[in-house]
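S.K.: Okay, structure incoming, though there's no sequence with it:
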């Protein structure tokens, strides 16, 4: 058996802990039955499942790696022969084994009332709960693998942030099944995606499965990096393609809601939605990834030495997201211009501001070290919120906000001037960021 | 066994290693010494393929750390300066996990764990939790975990830090026994006295460079002669050099030299000194004093 899983079993599934969890859960069910009758016990069980698997489970999953670093055992693990797949599932299910133990005790109590609606409903709801737990925990583990690259040294904050990421993503999917009644009615609402009708519940379930698969792939890829395997760009590009297609599929929804107010047509709307997903990915990864200036200089030197393939294979995720967002933005701008829409210029301006913003993240990392990402967020908040407030609707607002109805050309010129200016500053800093 | 060529490593805003080149011979214990912050740990981590160098290369057993880090991991054991153990696990389980994690088949893991425990002298404490062991025994367990897969190379970063004198002596004996078993060891430390007991060679790292630019053989240093005069004379170094000796350290009343040849050459040098009117009070072979070697190199 996977040695990492076995080690976690030894540490986390001690007989005392399992007996304690069993005892507390049985007492909780008994107390609930006594106070409100057995009919409402499934609600208590659902809350306890949520506590064990999602709330506590995400913490255990985040600590699976952060805890190793804290206890100084991570180097030994990185030197082991355990592969990335084994390491991921060994940690994901091993470090959370006590959480799953508690969750699995709750599960029959949750599902018992659904039996009267047929075994299929019972099975589906059970699968939803199990997958949601795996999803939340894998997002927490993935977040921890991303955060440890930043080497903050603050394990408590890192663990908390990963836990929050896991809980929030699970909660985002939870709404249509928040109670058994909601679950049974979840397919009464229809959702149009890429022109096809889907029951909301079914659509959410398939989406949950797909996003869980991507979270697990993300864990595997991040673990490969930790274990010193080389990661190419293809998995990240695959993810970008997935979220672009997923997001773009909701264009019918936008179209039906906007009605006659919509001035664009054809492929513009799905491309626009895909672009939003890529922009979000660019901003997100620019914030999360380390942006190590030494690595950036190494990449520049590889390009200058003509080792383009080596450089391309070593690109960080934020660079790939930036490239994909720029490519999609340019395509969108061309389509909009061809349709005679003024939004074409706004898209070009947006790309300029996007370039500036990403460059600000890199620059702040160089100027302010590990806290540079938060400094970058503060700078961007000031640029997008405070400066427009001060300008108070004057034509000069186009200098700082890309999507103003008038002054689009001013936005284009301003956005790209700022983008190129900050990028140039970054390039100079990379060259000057030499050793003491 | 280990070849480092023009190794450059940078942290943001700080170059830790400035084009280091060195070779580590197979089956030897090489001491890596230098002041705190000299770059010893970074160098060891680069050797262990835990860090990617900015420039240059590191090859372990012919494999490049950049090209085949995982293959290198299977060939080496590494004990970091601040290591951790799974305190709640017994010694047996710690070693068993280490064996399995290093790819030893389930059927052989128990045997490998037991063999490692015997090598580090923990066979009587197999059921004791790691958290209940003393500092010295924890060190032994950590080394046991690092060697459970019988690596060809063992890298130890400050292994004697915090150990009492008895535990240090035990550690020296353990390292010598590992060397006798054919293992190549690189031991980093800034405590020179302990290295003297087991090292064959010494590499001095200072400000990210190799001081003196070479690996120092401690066997050569062991054949040095110490000369002490009853009455100081300022021309001692000059006369010794004139007699063909290589002067390592020299003052008016003492000198540390190496002399090629055997006992006849030594007798001839002694006679020459007496003829030249030096009041020779001591003329004896001296065991290597790493501090002298270290400070002479760091000064240069």
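M.R.: Received the coordinates, thanks. The structure displayed is predicted, hence computed values, not measured ones. Numbers count the residues shown, from 1 in each chain, chains lettered A, B, ... in the order given.

S.K.: What residues does the stretch 1-150 of chain B have near chain A?
M.R.: Residues of the stretch 1-150 of chain B found near chain A (C-beta under 8 Å from any C-beta of the partner chain) are B:10-15, B:48-50, B:54, B:69-70, B:73-74, B:76-78, B:80, B:82-86, B:88-89, B:93, B:97-98, B:100-103, B:106, B:145-146, B:149. The way it works is simple: take the backbone N, C-alpha and C, and place the C-beta from them, glycine included.

S.K.: again, 7 Å this time
M.R.: Proximity of the stretch 1-150 of chain B to chain A, by C-beta under 7 Å from any C-beta of the partner chain, involves residues B:10, B:12-15, B:48-50, B:54, B:69-70, B:73-74, B:78, B:80, B:82-84, B:86, B:88-89, B:93, B:97, B:100-103, B:145.

S.K.: Would you check that residue A:351 makes contact with residue A:326?
M.R.: Yes: assessed by C-beta atoms under 7 Å, residue A:351 is found in contact with residue A:326 at 5.9 Å.

S.K.: So the two - more neighbours on which side?
M.R.: Comparing residue A:351 with residue A:326 by other C-beta atoms under 10 Å in any protein chain shown, the one with more neighbours is residue A:351, at 24 against 18.

S.K.: Now do the closest residue to residue A:39 other than its chain neighbours against chain B, distance only.
M.R.: Leaving out its chain neighbours, the residue that sits closest to residue A:39 by C-beta to C-beta, 6 or more residues apart in numbering or on different chains is residue A:113, at 7.5 Å. Separation of residue A:113 from chain B (C-beta to the nearest C-beta, to the nearest Å): 40 Å.

S.K.: Please flag which of the residues of the stretch 1-150 of chain B next to chain A sit within helices.
M.R.: B:69-70, B:73, B:93, B:97, B:100-101, B:145 (DSSP state H).

S.K.: What about those residues, which one has the most neighbours?
M.R.: The most neighbours of any of these, using other C-beta under 10 Å, belong to residue B:145, which has 29 neighbours.

S.K.: Wait, that one touches residue B:95, no?
M.R.: Yes: counting by C-beta under 7 Å, residue B:145 touches residue B:95, with 6.3 Å between them.

S.K.: picking up where we left off before, put the buried members of the residues of the stretch 1-150 of chain B next to chain A into a ChimeraX selection.
M.R.: Buried residues among the residues of the stretch 1-150 of chain B next to chain A (16 or more other C-beta atoms under 10 Å in any protein chain shown), as a ChimeraX selection:
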select /B:10,12,15,48,49,50,54,69,70,73,74,78,80,83,84,86,89,93,97,100,101,102,145
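
S.K.: Only the buried residues of stretch B:120-128, if you could.
M.R.: Buried-residue list, stretch B:120-128, by 16+ other C-beta under 10 Å: B:120, B:122, B:125-126.

S.K.: Next, format these as JSON lines and append pLDDT, secondary structure and distance to residue B:63.
M.R.: Output for those, formatted as JSON lines (pLDDT from 0 to 100; DSSP: H, G, I helix; E, B strand; the rest coil; distance: C-beta to C-beta, whole Å):
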{"residue": "B:120", "pLDDT": "89", "secondary structure": "coil", "distance to residue B:63": "27"}
{"residue": "B:122", "pLDDT": "91", "secondary structure": "coil", "distance to residue B:63": "31"}
{"residue": "B:125", "pLDDT": "94", "secondary structure": "helix", "distance to residue B:63": "36"}
{"residue": "B:126", "pLDDT": "94", "secondary structure": "coil", "distance to residue B:63": "34"}
